[in-house]
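1. one predicted model, sequence on top.
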Amino acid sequence: MASGEVRGGAPASRETALLDPHRLVEHVDAVVLTGGSAFGLATADGVMRSLEARGRGFATAGGKVPIVPTAAVYDLASSGGVRPGPDEGATAFAAAEAGGSFATGQVGAGTGATVGKWKGADHRVPGGLGSASTRVDDAVVGTLAVVNAIGDVVGDDGRLLAGSTAPQDTPPFPEPLPFVEGEHTTLVVVATDARLTKLECHLLAQTAHHAMSRTLFPSHTRFDGDITFALATGAVDAHLDRLRVAAAGAVIDAIRDAVA
């Protein structure tokens, strides 16, 4: 079961409209986070082919169609123009299917991620891929974040953890504006084994955005393509509101882990 929400002004995404709780499809087969801007959305093609080979997908008269919502960050300038495609998607699918540990930091979709660009792109620092998990009742909540924000990553006390190296009195968003729409973005996935409806998944995705705003400053600008996904496998029961509180903490931890 899955839902999601787009709050950034410049998203690069595919199959996200169907995550709206009013849309027909309730279940997804995978979620892809990628770099390469809109070019990187082709990564999902390799994931779809892998899923199709395993008989997964939404049943149609012409066969099953895997449902794979996908979102990308803009990193073409910092990654040397790398554009992940179907082959990288198939490789990522195989790694995810095999399970086991995975690296965080400037790897995968976080390879070219940077943060702290709101006082000038020359003052940015590395972002990356982060992960965290927690338990609530009998449920587990896992989070994954690709942090390529225009803003800074801050602590609970407002202390700068990773962000702009510009002098403190530097005005934000200097003119001429050294930004292009879509060149930033933070992506978050919240996955749980709790039993949730699609609407409840949507509420969980909203909570992930709230958490994003607590540790990224500024967040959800018109230059960011911030998107959150919420997935529920339906194995155990859990109290929705306690789950949302726990998920918020895990999202914050994942974002901070990306720059640790």
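-> Received it, and whenever you're ready, just let me know what you need.
2. burial count for A260?
-> Number of residues near A260 (other Cβ atoms under 10 Å) recorded here: 12. Yep, even glycine has a C-beta here, placed from its N, CA and C like the rest.
3. renumber starting at 506 from here on
-> Yes, from this point I'll number from 506; that puts the last item at A765.
4. right, and it touches G635 too?
-> Yes: between A765 and G635 there is a contact under Cβ atoms under 8 Å: 7.3 Å.
5. in three-state terms, label the residue most central in space within the chain for me.
-> Taking Cα atoms, centre = their mean, the centroid of the chain lies closest to L692, which sits 2.1 Å from it. Classification of L692 using DSSP: H, G, I helix; E, B strand; the rest coil returns strand.
6. kindly report the same for L546.
-> Going by three-state DSSP: L546 is helix.
7. quick one, what contacts it?
-> Going by Cβ atoms under 8 Å, 6 or more residues apart in numbering, L546 touches 517-519, 539, 575, 577.
8. for A577, same thing?
-> 517-518, 538-546, 614, 690, 730.
9. next: A576.
-> So A576 contacts 516-519, 521, 537-539, 690, 692, 730, 732, 734 (Cβ under 8 Å, 6+ apart).
10. let's see 10 Å
-> A576 is in contact with 509, 511, 513, 516-521, 536-539, 545-546, 549, 614, 651, 690-694, 730-734, counting by Cβ atoms under 10 Å, 6 or more residues apart in numbering.
11. in strands, which of the residues you listed fall?
-> Under the assignment DSSP state E, those contribute 509, 511, 517-519, 537-539, 651, 690-694, 732-734 to strands.
12. that older thread, drop anything exposed from the contacts of L546.
-> 517-519, 539, 575, 577 (16 or more other Cβ atoms under 10 Å).
13. redo the residues you listed as a markdown table? Include distance to E680 and pLDDT.
-> As requested, the buried ones among the contacts of L546 are arranged in a markdown table below (distance: Cβ to Cβ, whole Å; pLDDT from 0 to 100):
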| residue | distance to E680 | pLDDT |
| --- | --- | --- |
| A517 | 26 | 91 |
| S518 | 30 | 95 |
| R519 | 34 | 95 |
| T539 | 32 | 96 |
| T575 | 34 | 98 |
| A577 | 28 | 95 |
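14. got a markdown table for those, with distance to T738 too?
-> Output for the buried ones among the contacts of L546, formatted as a markdown table (distance: Cβ to Cβ, whole Å):
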| residue | distance to T738 |
| --- | --- |
| A517 | 27 |
| S518 | 23 |
| R519 | 23 |
| T539 | 23 |
| T575 | 20 |
| A577 | 25 |
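15. check these against V741 and report the nearest one.
-> For the buried ones among the contacts of L546, the closest approach to V741 (Cβ to Cβ) belongs to T575, at 28.0 Å.
16. wait, the closest one touches D534, no?
-> No: judged on Cβ atoms under 10 Å, T575 makes no contact with D534 at a distance of 11.7 Å.
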